[in-house]
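[1] Have a look at this prediction, sequence included:
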Amino acid sequence: MRLLVTGGLGFIGSHFIRLALRERPDCRVVNLDVMTYAGNPANCADLEADSRYSFVKGDICDREAVESAITGGVDAIVNFAAETHVDRSILDPEHFIRTDVLGTHVLLEAVRRFQIPRFLQVSTDEVYGDVATGASTESDVLRPRSPYSASKAGGDLQVLAYWATYQAPVLVTRGSNTYGPYQYPEKLIPLFITNLIDDQPVPLYGDGKQERDWIHVEDHARGILEVLERGEIGNVYNLGGGNNRTNLEITQLLVRELGRSADTHVTHVLDREGHDRRYALDTAKARKLGWSPRIGFQDGLRSTIEWYRANESWWRPLRSGEFKDYFNRQYAHRLVTAL
């Protein structure tokens, strides 16, 4: 199997590539990544000596770059390339539309033109919007409420439209909140871990009672591989960890595990604009393929903390320059007007 993985220098994409090469010895992977702030070459540095792996720098919005990357033919495209952070989408929504909508369209056209047997779109539970009770199923109406989730929903709808119109061989996975090693330290868990390691307070939005379903990145990557190989063309599959926790609960766990005090290290700040209160996924459809999460939340969180403790050389350089600029834009005014 020869795969084109787009956005493979990112968090989930790099784990997927490593998993595919480890568990499918006959697999070959071309990694196409434009190398944005979150596309870190260090994420795949251990693969550079593997003859089955190759890297191509390129943008999925660039048709020529995409076509060049699939020269020689591929059996499937797995699209991880996306702008993924809600907070950044609120600051710069246009950038998200370009990558998540236009980029997906360029890839779908390549699937048609070169008759690629499979295309898998990696999406998010956030396209379902706020879920007050119960759990989202794949047939639920999409109700995105942020520029990020709207751009991802736009990409999903294009993918499914190409199935209905052109019978393009597409699949979609929608994952819940993902955590684990190699995650850029802007997201809640790595941001809070690295802040606490540095004995700094963590900025908790509002009352902290926003609820998310958490899945370890290894379980998420394994689910994507399972759907790629065994999923029914034209279908959507939810991949959730079944670990619903509030942001406050996550924060308290991290503070305790890192030996800090909630009184001195947790700052409640003004909530995010349009912040969804709850997500939850029904994963029965993916489980019928034989997939289920394997990593318990407590064990996964502890191993993630230990990874960040042991790999300061990976994350510490990321918390300067661009990250500091973003952090100040996002949190400075909220910290001044902390609740």
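    Sure, I can see it.

[2] Have a look at the chain and report its longest helix.
    Longest helix in the chain by number of residues (criterion: DSSP state H): helix 147-166.

[3] who does it touch, helix- and strand-wise?
    If contacts are counted by 3 or more CB pairs under 8 Å, 6 or more residues apart in numbering; DSSP states H and E, helix 147-166 sits against helix 86-91, helix 93-97, helix 103-114, strand 118-124, strand 170-175. For glycine as for every other residue, the C-beta is placed from the backbone atoms N, C-alpha and C.

[4] hey, least reliable of the ones you listed by pLDDT?
    Lowest mean pLDDT within the helices and strands packed on helix 147-166: helix 86-91, a mean of 78.

[5] Show me the contact partners of it.
    Helix 86-91 is touched from outside by 83, 95-96, 126, 146-149, 151, 186, 272-274, 326, 329-330, with contacts defined as CB atoms under 8 Å, 6 or more residues apart in numbering.

[6] tell me which residues of that helix are tucked away?
    By neighbour count on 16 or more other CB atoms under 10 Å, the buried set for helix 86-91 is Val86, Asp87, Arg88, Ser89, Ile90.

[7] Pull out the buried residues from stretch 50-59.
    So, applying 16+ other CB under 10 Å, buried residues of stretch 50-59: Tyr53, Phe55, Val56, Gly58, Asp59.

[8] what's the spacing between the longest helix of the chain and its chain's center?
    Its chain's C-alpha centre and that of helix 147-166 lie 17 Å apart, by CA atoms, centre = their mean, to the nearest Å.

[9] Numbering from 22 from now on, please.
    New numbering, starting at 22: the last item is helix 168-187.

[10] Buried ones in it, by neighbour count?
    By 16+ other CB under 10 Å, the buried positions in helix 168-187 come out as 168-177, 179-181, 183-184.

[11] again, but for stretch 81-91
    In terms of neighbour count (16+ other CB under 10 Å), stretch 81-91 has its buried residues at Ile81, Cys82, Ala86, Val87, Ala90, Ile91.

[12] Just the element for the residue in the chain sticking out farthest from the centre, please.
    Distance to the chain centre peaks in the chain at Asp284, reaching 31.3 Å (criterion: CA atoms, centre = their mean). Using DSSP states H and E, Asp284 falls within helix 283-286.
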